[in-house]
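Asks: A structural model of the following input is requested.
(2 chains)
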Amino acid sequence: AQSVTQLDSHVSVSEGTPVLLRCNYSSSYSPSLFWYVQHPNKGLQLLLKYTSAATLVKGINGFEAEFKKSETSFHLTKPSAHMSDAAEYFCVVSETSNTGKLIFGQGTTLQVKP
Amino acid sequence: SAVISQKPSRDICQRGTSLTIQCQVDSQVTMMFWYRQQPGQSLTLIATANQGSEATYESGFVIDKFPISRPNLTFSTLTVSNMSPEDSSIYLCSVELLPGQGIYGYTFGSGTRLTVV
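Replies: I've put the predicted structure just below:
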């Protein structure tokens, strides 16, 4: 069965410094992996997705993630944090193809300090 | 990209009553999904709704508590029945987008924030 673990429940960075949000997954199949962002009192927004194409995935707002099969990781990075990046981030794995079931990590709260 | 309209956006309900949440998509989609996000928690799938068949419920969720309708390829409802304060959560619908409908992946409605008093 698939599972996903976000290694940090809370990350705090200063504006302009790099962001690293860590995610490890467990899957018996070639997984589809996603990162979503949820701003306070807002809906979920898809940042990026990996579906067995390029291992380095570029998303919106300058975010990217690298799929590392040997490490079963899919960490989210951004070179320079902006105040507007403060939000909750979810790493998500899709269960076996065609079921549509998404399994969410517990989330990482990103705080950006001025 | 496909747009999901979900309503109501929020509601405060008395315990013992029921609330029906609507989800409308501007594209035809095969599967629609309903999730629950309890306060301070991540999202958990409640059920998958396919048009023309009964919804498939995840472990811990039952049809009597969360009946779902899926009358066509663009619309679904989730009812939270006989509510208790423990049902206070955000409920979200989701659809899978296909190439040509926007960013390929799963998109979510803005959610219904339910408070049961």
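
Asks: Make sure A:Leu110 is actually in contact with A:Met83.
Replies: No - at 10.8 Å, A:Leu110 does not count as touching A:Met83 under the criterion of C-beta atoms under 8 Å. From N, CA and C alone the C-beta is placed, and that goes for glycine too.

Asks: What distance do you get for B:Ile21 to B:Arg70?
Replies: B:Ile21 is 13 Å from B:Arg70, where distance means C-beta to C-beta, to the nearest Å.

Asks: Tell me which of these two has more neighbours.
Replies: B:Ile21 (23 against 20; other C-beta atoms under 10 Å in any protein chain shown).

Asks: List the buried residues of the helix or strand hosting the more buried one.
Replies: Using DSSP states H and E, B:Ile21 maps to strand B:19-25. Within strand B:19-25, the residues that count as buried by 16 or more other C-beta atoms under 10 Å in any protein chain shown are B:Leu19, B:Ile21, B:Gln22, B:Cys23, B:Val25.

Asks: now stretch A:93-113
Replies: With burial defined by 16+ other C-beta under 10 Å, the residues of stretch A:93-113 counted as buried are A:93-95, A:100-105, A:107-110, A:112.

Asks: now stretch A:31-44
Replies: A:Pro31, A:Ser32, A:Leu33, A:Phe34, A:Trp35, A:Tyr36, A:Val37, A:Gln38, A:Gly43, A:Leu44.

Asks: what residues does that stretch touch?
Replies: Here stretch A:31-44 makes contact (C-beta atoms under 8 Å, 6 or more residues apart in numbering or on different chains) with A:2, A:21, A:23, A:25, A:45-52, A:59, A:63, A:65, A:67, A:74, A:76, A:87-94, A:97, A:102, A:107, B:43, B:92, B:105-106, B:108-111.

Asks: where do the strands sit along chain A?
Replies: A:3-6, A:10-14, A:19-21, A:23-26, A:32-38, A:44-50, A:56-58, A:64-68, A:73-78, A:87-94, A:102-104, A:108-113 (DSSP state E).

Asks: so what's the residue nearest the centre of chain A bridging to?
Replies: Taking C-alpha atoms, centre = their mean as the criterion, A:Trp35 is the residue nearest the geometric centre of chain A, at 3.4 Å. A:Trp35 has the following beta-bridge partners by DSSP bridges: A:Leu48, A:Cys91.

Asks: now the helix or strand hosting B:Leu114 and strand B:19-25, what's the angle there?
Replies: Assigned by DSSP H and E, B:Leu114 belongs to strand B:112-116. Strand B:112-116 and strand B:19-25 meet at an angle of 180 degrees, taking axes from the mean of the first three to the mean of the last three C-alpha atoms, to 10 degrees as the criterion.

Asks: other SSEs contacting strand B:112-116?
Replies: strand B:10-13, strand B:89-97 (3 or more C-beta pairs under 8 Å, 6 or more residues apart in numbering or on different chains; DSSP states H and E).
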